[in-house]
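Participant: Could you work out the structure for the sequence below:
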Amino acid sequence: MEKKAVKLLDNAVKKLNEANQELYRPEEDVVSYVVCKNAQFAIESFLKGFLMKNGIDPGNDKTIDSLYAQCKAINKNFEGIDLSGFECTTHLIDTKYCYETTKVSRCFHVAQSLDTFFREEKIIN
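Facilitator: Residues are numbered from 1 along each chain as shown. Below is the predicted model of the structure:
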């Protein structure tokens, strides 16, 4: 399970970087869908990777809310991650996306917050 956890966490960082690269394009060239989906997959991979690192198989059809709740049960510091305004918490990742800049920005911010949290907690380097 440790190898799967490392792979998920590496994928989370990769997806976050892809979302970030898209945001560095000129505003008229930014594809919101790309930022949204990469940020969503980063969030999901961060949470699933953490669970697997702690010996819990998260399965394939979990929502962000359920993954987040499991992570908080293991490490109360997850409560510092603010998911408010991130509207994809109760849906499966493959079923929802947004194009609005504010929503895409919020999604990216949540992914960035998880990245920062994981680095502060020394879960990733």
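Participant: Do you have the strands of the chain handy? List them.
Facilitator: Counting by DSSP state E, the chain yields no residue ranges for strands.
Participant: Can you tell me, leaving aside adjacent residues, what's nearest to Phe117?
Facilitator: Sequence neighbours aside, Ile81 is the residue nearest to Phe117 in space, at 5.9 Å (criterion: C-beta to C-beta, 6 or more residues apart in numbering). C-beta coordinates here come from the backbone N, C-alpha and C atoms, glycine included.
Participant: list the contacts for that neighbour?
Facilitator: Applying C-beta atoms under 8 Å, 6 or more residues apart in numbering to Ile81 gives the contacts 68, 110, 113-114, 117.
Participant: neighbour-wise, which of those leads?
Facilitator: Across the contacts of Ile81, the neighbour count under other C-beta atoms under 10 Å reaches its highest value at Leu114, namely 27 neighbours.
Participant: Now for that one: which residues touch it?
Facilitator: When contacts are taken as C-beta under 8 Å, 6+ apart, Leu114 is in contact with 12, 42-43, 46-47, 81.
Participant: how about a cut-off of 6 Å?
Facilitator: Phe46 (C-beta atoms under 6 Å, 6 or more residues apart in numbering).
Participant: now Glu79
Facilitator: By C-beta under 6 Å, 6+ apart, the contact list for Glu79 reads Lys72.
Participant: roughly how far apart are it and Phe117?
Facilitator: Look at Glu79 and Phe117: by C-beta to C-beta, to the nearest Å, they are 11 Å apart.
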